[in-house]
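Colleague: How does the following fold in three dimensions:
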Amino acid sequence: MMNPFYLVKIGAGVLIIAGAYLFGLHNGQNSEQLKLARTQISELTATVKNYETQYKHQAIALAEMRAAESSARADSDRLRSRIASLEKRAKTTSDRDTVRCLQLGEECRRLLQEVRGPVEYCRKALQ
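Modeller: Next up, the predicted model:
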């Protein structure tokens with residue numbers, strides 16, 4: 001016949017083993033969740049750095065575009081002033097035709113600059 005003390009010892013051993021198993025299982029699940037969280041954090045950190053780099057490229061490209069646009073505007077104003085001066089001095093039809101060609105050339109240049117600025121910005125921002 002079994003001793004009641006022996007049965008209590010076996011019951012306690014089984015409870016300890018079951019408790020240790022459940023404790024280990026719980027810690028294992030937490031460990032996996034922690035690994036997954038760390039992986040997600042590193043992916044998010046890399047994504048943030050990528051966006052920061054893109055933002056810096058876009059900011060630099062925008063600053064360069066603004067400087068180029070300002071310079072082009074100054075050149076265009078200078079050219080318009082010269083054309084106006086020539087227009088005042090034009091006396092013959094040939095002179096007026098020449099001035100008109102210069103005006104059209106200036107208009108083409110202005111339109112080209114309007115298109116070139118955004119294209120350059122996009123090219124530099126997307127690098």
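
Colleague: Following element in sequence after the helix ranked longest in the chain, please.
Modeller: The residue-count maximum for a helix in the chain (DSSP state H) belongs to helix 4-89. Note on helix 4-89: by DSSP states H and E, the next helix or strand toward the C-terminus is helix 93-125.

Colleague: Which elements pack onto that following helix?
Modeller: If you count contacts as 3 or more C-beta pairs under 8 Å, 6 or more residues apart in numbering; DSSP states H and E, helix 93-125 packs onto helix 4-89. C-beta: built from backbone N, CA, C; applies to glycine.

Colleague: any idea of the angle the helix it packs on forms with helix 93-125?
Modeller: If you take axes from the mean of the first three to the mean of the last three C-alpha atoms, to 10 degrees, helix 4-89 sits at 170 degrees to helix 93-125.

Colleague: and the longest helix of the chain, what other elements does it pack with?
Modeller: Counting contacts by 3+ C-beta pairs under 8 Å, 6+ apart, helix 4-89 packs against helix 93-125.

Colleague: Chain neighbours aside, what residue packs nearest to the residue positioned nearest the centre of the chain?
Modeller: Nearest to the geometric centre of the chain sits Q54, at 3.1 Å (C-alpha atoms, centre = their mean). Nearest non-adjacent residue to Q54, counting by C-beta to C-beta, 6 or more residues apart in numbering: A125, 7.7 Å away.

Colleague: One more: R123?
Modeller: A61 (7.9 Å).

Colleague: mind checking how far that neighbour is from V119?
Modeller: Separation of A61 from V119 (C-beta to C-beta, to the nearest Å): 11 Å.

Colleague: more neighbours, the two?
Modeller: A61 (18 against 10; other C-beta atoms under 10 Å).

Colleague: so who does the more buried one touch?
Modeller: Shown in contact with A61 (C-beta atoms under 8 Å, 6 or more residues apart in numbering): E120, Y121, R123, K124, A125.

Colleague: any idea which of those residues has the most stuff around it?
Modeller: In terms of neighbours by other C-beta under 10 Å, these top out with Y121 at 19 neighbours.

Colleague: List the buried residues of the least confident helix or strand in the chain by mean pLDDT.
Modeller: The helix or strand of the chain with the poorest confidence is helix 93-125; it has a mean of 81 (mean pLDDT, DSSP states H and E). Going by neighbour count (16 or more other C-beta atoms under 10 Å), the buried part of helix 93-125 is V99, L102, Q103, E106, Q113, G117, Y121, A125.
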